[in-house]
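Undergrad: after the sequence you'll find the predicted model.
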Amino acid sequence: MTTSRRDMLRLLAGTACAAALPFSLAADPEPLKTIAARKGLRFGNALGYRDFKDPAYRALMARECNVIVAENETKWPALEPKPGTLNFAPADEMFAWARKEGMQVRGHTLVWQPEKWLPAWIASHDFGQGSREAERLLREHITTVCKHYGTGIYSYDVVNEAVDPKTGDLRSNAFTQRMGAIEQIDFAFRVAHEQAPHAQLVYNDYMREDAGSAKHRAGVLKMLRELKAKGTPVHAVGLQSHIGSWDDATQKTDPIRDWRAFLDEVTGMGFDLLITEFDVNDRMLPADFTTRDAGVAALARDYLDVTLSYPQVKDFLLWGMADHVSWLQTWDEAPRKDKLPQRCCPWDDQLRAKPLRDAIAASLRAMPQRRA
């Protein structure tokens, strides 16, 4: 790797010199999708309907990406805000445009496991006795989505964020309470496989490499072992990759070593990998743009050089291409203490490339070739 976590920690402490970090603002004429494709990797971005209406942002995505995923428009609450009331129109419009631009489509997400991210009407639904009504609702939703898109979606995040990061245990919701936690996840994947037998089926989560994510990683591995033992048709693990400055700089563990150990276990079980939601939280970095952008690029290069070294990673999607569209600008759980906007994406709010874009390109060029 060209940088190390120690470099980042010195930067956080304010003692590193930004000029020492090998990233520039020089424009790279080669689109990221082209760089990635030479190595057998798809490159894409999450697009929300509001940002889809911006022609300049849309043009940037068309230039750089060959995969699209909807940011929120294919989640269950958006598709069915009321029982039986379906709204596929925003996602359909975005996907039709993307296909004209030569992009493939990922599906996100059939079931978002935390109770608060299920449709609000689920909480008051009359499930009656036993698990039959829970199974019926899940089957109906997954079938409706899969049939609507047919073979137009090549990969689905079937279940999203099933593991509680604080405890490593499986989350509880209206479905798990009636079906059992591992049983509900297994059921969702089996229905998805029945309805979209062509598609890659993915478990997606935000476990990270830092010490604070140890229980989360362990819980995901435990769940994957149980699903594998049941023969659940899980094909890959989605690494959300919301990386950045999270833990105390004095942590005693080696995050790169721990991340490799996690990826080794996942791939050792036979699962493929995807980077599904990449961005870099800069909340602990200095306010100065030059220093901050260099720190963000260094963090990205450390993470990507390790993660992309696994040839099982065949998809790399950003969760926003430009700073002003990023969810991190409004996420109140980990804001910058100085209240400044985050510089978390490869392009700034004027759609100018930043050092993060250079870091991504460098990692793509350095990664090993993927097999067909």
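TA: Okay, I see it.

Undergrad: chain center to stretch 262-271, what's the gap?
TA: Offset of stretch 262-271 from its chain centre (CA atoms, centre = their mean, to the nearest Å): 18 Å.

Undergrad: my bad, stretch 362-372
TA: That offset, for stretch 362-372, works out to 19 Å (CA atoms, centre = their mean).

Undergrad: residues contacting residue 155?
TA: 106-107, 199-202, 236, 274, 315 (CB atoms under 8 Å, 6 or more residues apart in numbering). Every C-beta, even on glycine, is put in place using the N, C-alpha and C of the backbone.

Undergrad: ah, wrong one, I meant residue 31
TA: Contact partners of residue 31, counting by CB under 8 Å, 6+ apart, are 63-64.

Undergrad: what of residue 315?
TA: If you count contacts by CB under 8 Å, 6+ apart, residue 315 has them with 41-42, 44, 67, 106, 155, 274-276.

Undergrad: and if you look at residue 276?
TA: 69, 106, 108, 157, 202, 204, 238-241, 315, 317, 319 are the contacts of residue 276 under CB under 8 Å, 6+ apart.

Undergrad: which of those residues are buried?
TA: Among those, those scoring as buried are 69, 106, 108, 157, 202, 204, 238-241, 315, 317, 319 (criterion: 16 or more other CB atoms under 10 Å).

Undergrad: tabulate these (TSV), appending distance to residue 190, secondary structure and pLDDT.
TA: Listed next are these as TSV, based on distance: CB to CB, whole Å; DSSP: H, G, I helix; E, B strand; the rest coil; pLDDT from 0 to 100:
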residue	distance to residue 190	secondary structure	pLDDT
69	23	strand	98
106	20	strand	98
108	19	strand	98
157	16	strand	98
202	15	strand	99
204	17	strand	98
238	19	strand	98
239	23	strand	98
240	24	coil	98
241	27	coil	97
315	23	strand	98
317	25	strand	99
319	28	coil	98
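
Undergrad: name the nearest of the contacts of residue 276 relative to residue 75.
TA: residue 108 (7.1 Å; CB to CB).

Undergrad: picking up where we left off before, with the contacts of residue 315 in mind, which one is nearest to residue 166?
TA: Of the contacts of residue 315, the one sitting nearest to residue 166 (CB to CB) turns out to be residue 276, at 21.9 Å.

Undergrad: that closest one should be in a strand, yeah?
TA: Yes: according to DSSP: H, G, I helix; E, B strand; the rest coil, residue 276 belongs to a strand.

Undergrad: hmm, back to that, how about a markdown table for the buried ones among the contacts of residue 276, with distance to residue 124 added?
TA: Formatted as a markdown table, these follow (distance: CB to CB, whole Å):
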| residue | distance to residue 124 |
| --- | --- |
| 69 | 30 |
| 106 | 31 |
| 108 | 26 |
| 157 | 26 |
| 202 | 30 |
| 204 | 27 |
| 238 | 30 |
| 239 | 35 |
| 240 | 30 |
| 241 | 35 |
| 315 | 37 |
| 317 | 34 |
| 319 | 31 |
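
Undergrad: just those now: which is nearest residue 83?
TA: Among the buried ones among the contacts of residue 276, residue 108 lies closest to residue 83 (CB to CB), at 22.0 Å.

Undergrad: I figured that closest one hits residue 78, correct?
TA: No: at 10.9 Å, residue 108 does not count as touching residue 78 under the criterion of CB atoms under 8 Å.
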